[in-house]
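Student: task: produce atomic coordinates for the following.
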Amino acid sequence: MTVPLDDAELARRAGRLEWLLLDADGVLTDGRLYYGGGGERLKVFHVRDGLGVRLAQRGGLKVGVLSGRASPALARRLAELGLDAVITGRSDKARAFAEFLDRHRAEPERVAYAGDDLLDLPVLARCGLSFAPADAVAEVRAAAHRVLAAPGGGGAVRELVELLLKARGAWAGLVDGLLERKGAAVGGGEDP
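Tutor: Take a look at the predicted model:
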């Protein structure tokens with residue numbers, strides 16, 4: 001069990017972050033699998049989480065996904081978001097995280113991770129800041145530094161990004177920048 005961090009320690013750790021890694025199913029989505037009539041897997045993503053990803057990147061974080069599953073629907077959404085790292089189809093997340101750290105020359109304490117299920121525990125235990133959506137399994141909620149109020153697929157990523165960026169002192173400037181742009185897309189192009 002991880003002891004939750006107070007606001008001062010969370011701010012200290014958030015200030016050192018370089019990366020935000022996210023699980024996909026159960027964090028970016030609600031974790032349910034939908035199948036269309038042709039057998040294709042469908043996934044539902046929250047647009048606020050997409051904007052959260054873009055704001056995290058504008059706030060100086062690199063953002064990636066580390067997921068045990070791979071699917072065309074996930075690949076399409078991740079491409080739309082313009083992530084800095086995409087690792088899918090890797091159920092051995094301990095090994096995948098070690099490879100990620102090596103490939104990107106990253107230190108584990110400079111990575112925040114959000115996960116919702118048992119396969120995420122090795123990464124949650126090793127990263128600098130760990131988060132769980134409100135509906136994560138009990139073991140993950142107990143292992144996380146912070147449990148979010150929002151469920152997976154329901155704005156948890158946006159909540160996490162806002163928490164990190166406020167702790168880093170970057171949130172207000174990003175919001176002011178959006179107001180000055182009068183609704184212009186964050187990062188250009190389409191809606192997140």
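
Student: lowest-confidence helix or strand of this structure?
Tutor: The helix or strand of the chain with the lowest confidence, counting by mean pLDDT, DSSP states H and E, is strand 41-42 at a mean of 84.

Student: strand partners of that strand, parallel vs antiparallel please.
Tutor: In the sheet, strand 41-42 lines up against strand 34-35 (antiparallel) (DSSP bridges).

Student: circling back to that earlier point, next structured bit after the least confident helix or strand of the chain?
Tutor: helix 47-58 (DSSP states H and E).

Student: where do the helices of this protein begin and end?
Tutor: Using DSSP state H, the helices of the chain run over residues 7-16, 47-58, 72-81, 93-103, 121-126, 138-143, 156-167, 171-180.

Student: just name the most buried of those helices.
Tutor: Sort these by mean neighbour count, taking mean count of other Cβ atoms under 10 Å, and helix 156-167 sits at the top with a mean of 23. (C-beta placed from N, C-alpha, C; glycine too.)

Student: what's the angle from it to helix 7-16?
Tutor: Orientation note: helix 156-167 sits at an angle of 100 degrees relative to helix 7-16 (axes from the mean of the first three to the mean of the last three Cα atoms, to 10 degrees).

Student: shaky segments in this protein?
Tutor: 182-192 (pLDDT under 70).

Student: show me what contacts the most centrally placed residue in it?
Tutor: The centroid of the chain falls nearest to L22 when counting by Cα atoms, centre = their mean (3.3 Å). Residues near L22 by Cβ atoms under 8 Å, 6 or more residues apart in numbering: L28, V63, G64, V65, L66, Y113, A114, V157.
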